[in-house]
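Enquirer: Pasting the sequence and the predicted model now:
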Number of protein chains: 2
Amino acid sequence: MDSTFLEILGLIAGAITSMGYLPQLYKGYKTKKLIDISYYMPGVLAIGMTLWLLYGIFLKAFAVIVANAFGISFSIVLIIMKKIYS
Amino acid sequence: MDSTFLEILGLIAGAITSMGYLPQLYKGYKTKKLIDISYYMPGVLAIGMTLWLLYGIFLKAFAVIVANAFGISFSIVLIIMKKIYS
């Protein structure tokens, strides 16, 4: 398997999963309501993505590193937003 | 870097991120309310995780494959639950 193709696939996959939180953050920002969101979801995901980040660093997999760095940041933003709006 | 250590790290990371949705599914099931959840979040994440799954298959990274297979399944369950409860 061509490693450039793989790196591009990983980057696209990472970009899309990183953006997954954005519509949720936008919806929360518009409605100012995140009652139905469980704190544990972004909490557990942030812990897991921190381990993925380490995995990416050890594997030197740039796509994995970037995707999880964004994912962790957005998880923290979601937790803070829920805290503010509740 | 020891590849066994890496594989274990990936499996733990995958297990934790796979479980990230579970508290959200549980909360949704208990309250029967998922109004504040954006359909786009699990939707976009499922698309991104499908690409991660392909990435994992090409890389033969077992942890990546398993984590994303669970993630995709839970995303679909969350979308169906929101549909049912709305």
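Expert: It's in.
Enquirer: tally of neighbours for residue A:25?
Expert: 16 (other Cβ atoms under 10 Å in any protein chain shown). For glycine as for every other residue, the C-beta is placed from the backbone atoms N, C-alpha and C.
Enquirer: How about residues contacting the strand or helix carrying it?
Expert: Assigning secondary structure by DSSP states H and E places residue A:25 in helix A:21-31. Contact with helix A:21-31 is made by A:34, A:37, A:42, A:71, A:74-75, A:77-78, A:81-82, A:85, B:36-38, B:40-41, B:44, as judged by Cβ atoms under 8 Å, 6 or more residues apart in numbering or on different chains.
Enquirer: Which of these fall in strands?
Expert: Using DSSP state E, the subset of these located in strands is empty.
Enquirer: Now restrict the residues you listed to buried residues only.
Expert: Among the contacts of helix A:21-31, the ones that count as buried by 16 or more other Cβ atoms under 10 Å in any protein chain shown are A:34, A:37, A:42, A:71, A:74-75, A:77-78, A:81-82, B:36-38, B:40-41, B:44.
Enquirer: Looking at those residues, which one is closest to residue A:62?
Expert: The shortest approach to residue A:62 among the buried ones among the contacts of helix A:21-31 belongs to residue A:71, at 14.7 Å (Cβ to Cβ).
Enquirer: the longest helix in chain A is where?
Expert: Looking across chain A with DSSP state H, the single longest helix is helix A:62-85.
Enquirer: Could you check the angle that one makes with helix A:21-31?
Expert: 20 degrees (axes from the mean of the first three to the mean of the last three Cα atoms, to 10 degrees).
Enquirer: which other helices and strands contact helix A:62-85?
Expert: Packing partners of helix A:62-85 (3 or more Cβ pairs under 8 Å, 6 or more residues apart in numbering or on different chains; DSSP states H and E): helix A:3-19, helix A:21-31, helix A:40-59.
Enquirer: tell me which residues of the last one are tucked away?
Expert: Within helix A:40-59, the residues that count as buried by 16+ other Cβ under 10 Å are A:40-56, A:58-59.
Enquirer: restrict these to those near chain B?
Expert: Counting by Cβ under 8 Å from any Cβ of the partner chain, A:40-42, A:44-45, A:47-49, A:51-52, A:54-55, A:58-59 from these sit close to chain B.
Enquirer: Turn the residues you listed into JSON lines, including pLDDT and distance to residue B:9.
Expert: JSON lines is the format used below for these (pLDDT from 0 to 100; distance: Cβ to Cβ, whole Å):
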{"residue": "A:40", "pLDDT": "95", "distance to residue B:9": "22"}
{"residue": "A:41", "pLDDT": "93", "distance to residue B:9": "22"}
{"residue": "A:42", "pLDDT": "94", "distance to residue B:9": "21"}
{"residue": "A:44", "pLDDT": "94", "distance to residue B:9": "17"}
{"residue": "A:45", "pLDDT": "92", "distance to residue B:9": "17"}
{"residue": "A:47", "pLDDT": "96", "distance to residue B:9": "13"}
{"residue": "A:48", "pLDDT": "93", "distance to residue B:9": "11"}
{"residue": "A:49", "pLDDT": "93", "distance to residue B:9": "13"}
{"residue": "A:51", "pLDDT": "95", "distance to residue B:9": "6"}
{"residue": "A:52", "pLDDT": "90", "distance to residue B:9": "9"}
{"residue": "A:54", "pLDDT": "95", "distance to residue B:9": "6"}
{"residue": "A:55", "pLDDT": "90", "distance to residue B:9": "5"}
{"residue": "A:58", "pLDDT": "92", "distance to residue B:9": "7"}
{"residue": "A:59", "pLDDT": "86", "distance to residue B:9": "9"}
